[in-house]
Structure formats: C-alpha cells, structure tokens
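Q: Predicted coordinates and the sequence they were generated for:
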Amino acid sequence: MRGDQLDSPTNPYHYILHCIGGKWKMTILHEIHTYGSIRFNQTLKSLPISEKVFSQQLKELVQAGLIRRISYDTIPPKVEYVLTPSGEQLIPALDILYIWSIRRMDELRIPIDADAFVVHKTSKYVDELREIMEANDFTPDRTRQGADRSKNGL
C-alpha cells in the first residue's frame, strides 16, 4: 500500500501492515525504543540487514510517522532516529505480538533465535516468558551477539 492509496477507505489491518509490515520494521522500532535513539551505521553493524533494506525501512517508518530523523549540523554529519509519540504508542502492541510469537514458536517447536531473549530481558518479557527462557538455557545477564550498547552509549 503506497501513501497515495490512503485517501480512500482503508481496512485498519491493511493500514497497520502498511506502517509496520516488512521484515525489519518491528525490530527497528524495538531498537529505537530500547536505546532511546539509533544511528544508522552503528545499528547496521548489529543487525543482519543490508544497507539498502535498512535505509528503505527507515524511510518508510519516517513516512508512516512512527520515527523521526534528526540531522545534526556537525562534521562528520550525525543522524539519529527516535520514536515519535505515535511510535511510542505502538510499543505495547508490539510487546504483545512479540510475547505471543515466542509462545507460539515454542508450542510449534520452531527454533528461536538466541538473540530473541537477549534483547528482550526486561521484567515485562522475563515474567511472561520465564519458562521458555529457562527451557532455552537463557539467563538475563547474557549480552547480545554483535552489539554491546547501553542506552546512553550510542
């Protein structure tokens, strides 16, 4: 669904897919929520995503009004992406979908990427998914592979 198609009556499910559909959009939103902001090159190094796809997904999230691109007038140039208020409102729904997905994958015995637990280790995830985390030999003190960032260390 292109932006120019949104001037006619639109199914709400189609609209949400327009906003967050795509292999990486929910992950990108979670990254921004987790770290407060993200920078292109630093995030590109931590996700197994191509530069072209990452750039396109960021542009689409900006167009959907879920993130904002902040460009600083510095040398070298610095660009950050942050959630908009609409993007912040979406996070609880993404949390519910994520928890449902982990439970469903476990039920169907679909292998779960170890980073799935590492990046989601706050109490809201641990409390909901403790049994599955323990069954997958996860301990909340593990760090994410390929990324060692703190909320302030971007």
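A: Okay, I see it.

Q: Just the buried positions in the helix or strand that contains V79, please.
A: Per DSSP states H and E: V79 is located in strand 78-83. By 16 or more other C-beta atoms under 10 Å, the buried positions in strand 78-83 come out as E80, Y81, V82, L83. Heads up, the C-betas are built off the backbone N, CA and C, glycines and all.

Q: What of stretch 34-54?
A: Buried-residue list, stretch 34-54, by 16+ other C-beta under 10 Å: Y35, S37, I38, F40, T43, S46, L47, I49, F54.

Q: Output those as TSV; include the columns distance to L108, pLDDT and secondary structure.
A: Below are the buried residues of stretch 34-54 laid out as TSV (distance: C-beta to C-beta, whole Å; pLDDT from 0 to 100; DSSP: H, G, I helix; E, B strand; the rest coil):
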residue	distance to L108	pLDDT	secondary structure
Y35	31	93	helix
S37	35	97	coil
I38	31	96	strand
F40	35	94	helix
T43	30	92	helix
S46	28	87	helix
L47	25	88	coil
I49	25	93	coil
F54	29	96	helix
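
Q: Could you give the backbone dihedrals for the residue minimising distance to the centre of the chain?
A: The centroid of the chain falls nearest to T27 when counting by C-alpha atoms, centre = their mean (2.3 Å). With angles defined as degrees, to the nearest 10, T27 sits at phi -60, psi -40.

Q: Quick check: the closest residue to it other than its chain neighbours vs K124, distance?
A: Closest residue in space to T27, ignoring its immediate chain neighbours: L47 at 6.8 Å, by C-beta to C-beta, 6 or more residues apart in numbering. Noted for L47: a distance of 22 Å to K124, by C-beta to C-beta, to the nearest Å.

Q: ok, which stretches of this structure are helices?
A: For the chain, applying DSSP state H gives helices covering 12-20, 25-35, 40-46, 51-63, 85-107, 115-118, 123-135.
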